[in-house]
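**Q** quick check, what structure comes out for this input:
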Amino acid sequence: MDIRIEDTIRQAAPGLLVVAIEADVTNGETSEELWALLNRAAADIRDITELPDINRRPGIRATRDAYKALGKEPNRYRPSAEALCRRVVKGMELYRINALVDLINLVSLLSGYSIGGFDADRIQGEVLSLGVGREGEPFETIGRGVLNIACMPVYRDSIGGIGT
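**A** Numbers count the residues shown, from 1 in each chain. Okay, here's the model as predicted:
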């Protein structure tokens, strides 16, 4: 799969590095070991982080800066890593989804970077591009319904947006 980063993203986030890992996996229920790791990471973050300090984590800060450079207000549309960190610092429970999503959440929580996980078999075409959401561009989220992705970083396949 070819991953292309559009110039608008490069200008908004000149230090951006995109890492793609492709693996053949069988997803399933989250193991107790993985769930314990995720909860331990959440407790560690909660123990050392105050709510106002979350957006000072380097990965979260960089993502917020990119949102601002693209014209999106990160306090209204929080990057996923920030929303996850805020949830644990507030003492809220994490959602147990499945092994792959929970593993992605663990890495995101530890690193402070928003991470996308995509099923390669569902990506249409040979190119995945990272660009900027357009005004009125349709984007359906899992669990939130339609999201206004105008001015947000968005991954697109040949059909349209698949992740922000």
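**Q** contacts and neighbour counts: CA atoms only from here.
**A** Will do.
**Q** so is residue 8 in a helix, a strand, or just coil?
**A** Here residue 8 is helix, with the state taken from DSSP: H, G, I helix; E, B strand; the rest coil.
**Q** oh sorry, the question was meant for residue 88
**A** Residue 88 - assigned by three-state DSSP - is helix.
**Q** and it, how far from residue 155?
**A** Shown here: residue 88 relative to residue 155, a distance of 27 Å by Cα to Cα, to the nearest Å.
**Q** do residue 82 as well
**A** For residue 82 relative to residue 155 (Cα to Cα), the value is 19 Å.
**Q** which of the two has more neighbours?
**A** residue 82 (25 against 20; other Cα atoms under 10 Å).
**Q** what's the closest non-adjacent residue to that one?
**A** Among residues not flanking residue 82 along the chain, residue 60 sits closest, at 6.0 Å (Cα to Cα, 6 or more residues apart in numbering).
**Q** tabulate the CA atom coordinates of the helix or strand hosting residue 43 in PDB.
**A** Element membership for residue 43 (DSSP states H and E) is helix 32-48. Taking Å, rounded to 0.1, in the frame of the first residue of the first chain, the C-alpha atoms of helix 32-48 are listed here in PDB:
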ATOM      1  CA  GLU A  32      -6.900 -10.400  30.800                       C
ATOM      2  CA  GLU A  33      -3.100  -9.700  30.400                       C
ATOM      3  CA  LEU A  34      -3.600  -6.900  27.800                       C
ATOM      4  CA  TRP A  35      -6.500  -5.400  29.800                       C
ATOM      5  CA  ALA A  36      -4.300  -5.400  32.900                       C
ATOM      6  CA  LEU A  37      -1.500  -3.600  30.900                       C
ATOM      7  CA  LEU A  38      -4.000  -1.000  29.700                       C
ATOM      8  CA  ASN A  39      -5.300  -0.400  33.200                       C
ATOM      9  CA  ARG A  40      -1.800  -0.200  34.600                       C
ATOM     10  CA  ALA A  41      -0.800   2.400  32.000                       C
ATOM     11  CA  ALA A  42      -4.000   4.300  32.700                       C
ATOM     12  CA  ALA A  43      -3.200   4.300  36.500                       C
ATOM     13  CA  ASP A  44       0.400   5.400  35.800                       C
ATOM     14  CA  ILE A  45      -0.700   8.300  33.600                       C
ATOM     15  CA  ARG A  46      -3.400   9.300  36.200                       C
ATOM     16  CA  ASP A  47      -0.700   9.200  39.000                       C
ATOM     17  CA  ILE A  48       1.700  11.600  37.300                       C
END
